[in-house]
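In: kindly generate the corresponding structure for this input.
(chains A and B)
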Amino acid sequence: MGKKLRGKDLIKLGFPKNNSINVALGQINRYYKKKKKEQVLQEAKEVLLKPELFKGDGVWGKIAESLLTPVTVKKHALNTTRAPFMIYGEDEIDDQAKYQLYDALKLPVSVAGALMPDAHTGYGLPIGGVLATNNAVIPYGVGVDIGCRMCLTVYPVAVSYLKGKRYRLEKILSEHTKFGMYETHKIKHDHEIFSREEFTTIPLVKKLKDKAYKQLGTSGSGNHFVEFGIVTITDAENEWGIKPGDYLGLLTHSGSRGLGANIAKHYTHLATKQCPLPKHVQQLAWLDLSTHDGHEYWLAMNLAGDYAQACHDDIHKRIGKLIGAKPICKIENHHNFAWKKMVNGVECIVHRKGATPAGKGALGIIPGSMTAPGYIVRGRGNSESLHSASHGAGRLLSRRKCKEKFTKSAINKVLKEHGVTVLGGGVDEAPMAYKNIHNVMANQKELVEVVGTFTPKIVRMDR
DNA sequence: ATGTCC
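Out: All right, here's what the predicted structure looks like:
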């Protein structure tokens, strides 16, 4: 904008002297910086005259909303009692994670909650936390890595291939997977997700499209991985009619990269501003789904979830081609996401932050560690857990503690004992940093049944 | 988790 647009310009147009001025200035300064001031004022006038015509518009929609339904931001008080909840494997869970859930259960929008047996402290809702709310979505109830998920492809290949072709499989992982914050594929990989309208209708998402394009099919950092291993099917009554036994498997764990991270950051910021809460629970700020921002977050979150899936698709498609085998089956699930689900007969927003969906018959993957098996599970549809299960073994030691405690050579020794090769991986991802997956599984027998296991053999991670 | 400070 040539000359900066000010509040008094909007008042001159006839804007009411309420929050709509702040909303308008915020939107215009964020998204219309390069537009001519006259042009912006002309459009603002049209919005002022007929706000209902601009509902749903990426930029003007929020301004129209503030004109149609002016709200004063008020501080919410917590309820004095907790919504109903269940904790699974509570002896293994640190108190702070429980307190975080208890706080969340006192939000005026909370309906029910649960804590999974791998739970530990997080921002806002604990990791391993599940929370059902009424028409409200909590960005920190989903987490920063929106759509972080697992994907397992099973190939009709004997596991002797892992030994015989070990070098070739290692080479596939080092050359065809991309890790870390800066690494991308040399050639952009296309995907139908890039034709989604959210990339044009939501201004923030539009700005992230190019980054998302570059990062498609990359894995990121932290605990994300791509690995080959042994799939052992134990349930003879499985849905694919696979004979119980051992097969080659490809397992991936990653999320929505920069796209989801920026969406999470943006809407967390908006939620914090419009949903003031007592200081100790401010990170649980929510967005009302009937508002412009709440609806927009919902669309952006769903896009990020689909993008995360597209990233796994890209990885599995490319690596499958290199192996040259046709998959027998593919199992996948989000573990950082929110869904609209019925809870006690009422539609709720069910947040799962580090929890595997475990509705009746739903298949999922619960990874163990590099040296412990992960589990292929089938949900039992336990309603007290809000149809959820753990998303892994859970951390026993923080990243910082790992750096104090473990050396590279001590980790290599353990890996060697288990016949596991790791390409990359820092001391903070030491297998000893994780809880015993067998305990965790024992603590959620009511939530999932075991279909099979996945034992990692060749792992690639960041660094 | 993320070009880890709006």
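In: quick one, phi/psi of the residue of the stretch 351-463 of chain A found nearest DNA strand B?
Out: Distances between the stretch 351-463 of chain A and DNA strand B by C-beta to the nearest atom of the strand are smallest at residue A:462, namely 7.2 Å. Using the backbone N, CA and C atoms, a C-beta is placed for each residue, glycine as well. Torsion angles at residue A:462 (phi, psi; degrees, to the nearest 10) stand at phi -70, psi 150.
In: what's the burial count for it?
Out: Close neighbours of residue A:462, defined as other C-beta atoms under 10 Å, add up to 19.
In: so it touches residue A:179, yeah?
Out: Yes. Residue A:462 lies in contact with residue A:179 (C-beta atoms under 8 Å); the separation is 4.1 Å.
In: what touches both of those two?
Out: Overlap of the contact sets of residue A:462 and residue A:179 (by C-beta atoms under 8 Å, 6 or more residues apart in numbering) consists of A:219, A:220, A:221, A:224, A:424.
In: quick one: stretch A:244-251 near DNA strand B?
Out: No. Using C-beta under 7 Å from any atom of the strand, stretch A:244-251 stays clear of DNA strand B, with a minimum separation of 14.8 Å.
In: on the pLDDT front, check the closest residue to DNA strand B within the stretch 201-350 of chain A for me.
Out: Using C-beta to the nearest atom of the strand, the closest approach of the stretch 201-350 of chain A to DNA strand B is made by residue A:222 at 1.8 Å. Residue A:222 is assigned 92 on the pLDDT scale.
In: and the one 10 residues further on, by the same measure?
Out: pLDDT, residue A:232: 98.
In: determine which two of the shared contacts of residue A:462 and residue A:179 are furthest apart.
Out: Greatest spacing in the shared contacts of residue A:462 and residue A:179, by C-beta to C-beta: A:220 and A:424 (12.0 Å).
In: what is in contact with those two at once?
Out: The contact sets of residue A:220 and residue A:424 overlap at A:179, A:462 (C-beta under 8 Å, 6+ apart).
In: those two - which one has more neighbours?
Out: residue A:220 (26 against 17).
In: quick one: buried residues of the host helix or strand of residue A:210?
Out: Assessed by DSSP states H and E, residue A:210 sits inside helix A:203-215. Buried positions in helix A:203-215, judged by neighbour count with 16 or more other C-beta atoms under 10 Å: A:204, A:205, A:208, A:212, A:213, A:215.
In: what of stretch A:438-454?
Out: Buried, per 16+ other C-beta under 10 Å, within stretch A:438-454: A:440, A:441, A:443, A:444, A:447, A:448, A:451, A:452, A:453, A:454.
In: which bits of the stretch 201-350 of chain A sit near DNA strand B?
Out: So the stretch 201-350 of chain A meets DNA strand B at A:211, A:215, A:220-224, A:254-255, A:257-258, A:261-262, A:264-265, A:269 (C-beta under 7 Å from any atom of the strand).
In: and the pLDDT for the nearest residue to residue A:308 once chain neighbours are set aside?
Out: The shortest distance from residue A:308 to any non-neighbouring residue, by C-beta to C-beta, 6 or more residues apart in numbering, is to residue A:147 (3.4 Å). Per-residue pLDDT puts residue A:147 at 98.
In: residue A:147 contacts residue A:310, doesn't it?
Out: No. Residue A:147 is beyond contact range of residue A:310, at 9.8 Å (criterion: C-beta under 8 Å).
In: neighbour count winner among these two?
Out: Of the pair residue A:147 and residue A:310, residue A:147 is the one with more neighbours under other C-beta under 10 Å, namely 29 against 20.
In: list the contacts for the more buried one?
Out: Contacts of residue A:147 (C-beta under 8 Å, 6+ apart): A:255-256, A:260, A:301, A:304-309, A:334, A:336-337.
In: repeat that for residue A:209.
Out: For residue A:209, the contacting residues are A:194, A:199, by C-beta under 8 Å, 6+ apart.
In: I'd like the shared contacts of residue A:462 and residue A:179 as JSON lines, with secondary structure appended.
Out: As requested, the shared contacts of residue A:462 and residue A:179 are arranged in JSON lines below (DSSP: H, G, I helix; E, B strand; the rest coil):
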{"residue": "A:219", "secondary structure": "coil"}
{"residue": "A:220", "secondary structure": "strand"}
{"residue": "A:221", "secondary structure": "coil"}
{"residue": "A:224", "secondary structure": "coil"}
{"residue": "A:424", "secondary structure": "coil"}
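In: in the helix or strand of chain A with the lowest mean pLDDT, which residues are buried?
Out: Lowest on mean pLDDT, DSSP states H and E among the helices and strands of chain A sits helix A:399-405, with a mean of 89. By neighbour count on 16+ other C-beta under 10 Å, the buried set for helix A:399-405 is residue A:402.
In: can you check stretch A:411-427 too?
Out: A:411, A:415, A:420, A:421, A:422, A:423, A:424, A:425, A:426, A:427.
In: quick one: end-to-end distance for that stretch.
Out: Start-to-end span of stretch A:411-427 (C-alpha to C-alpha, to the nearest Å) is 7 Å.
In: all set, thanks.
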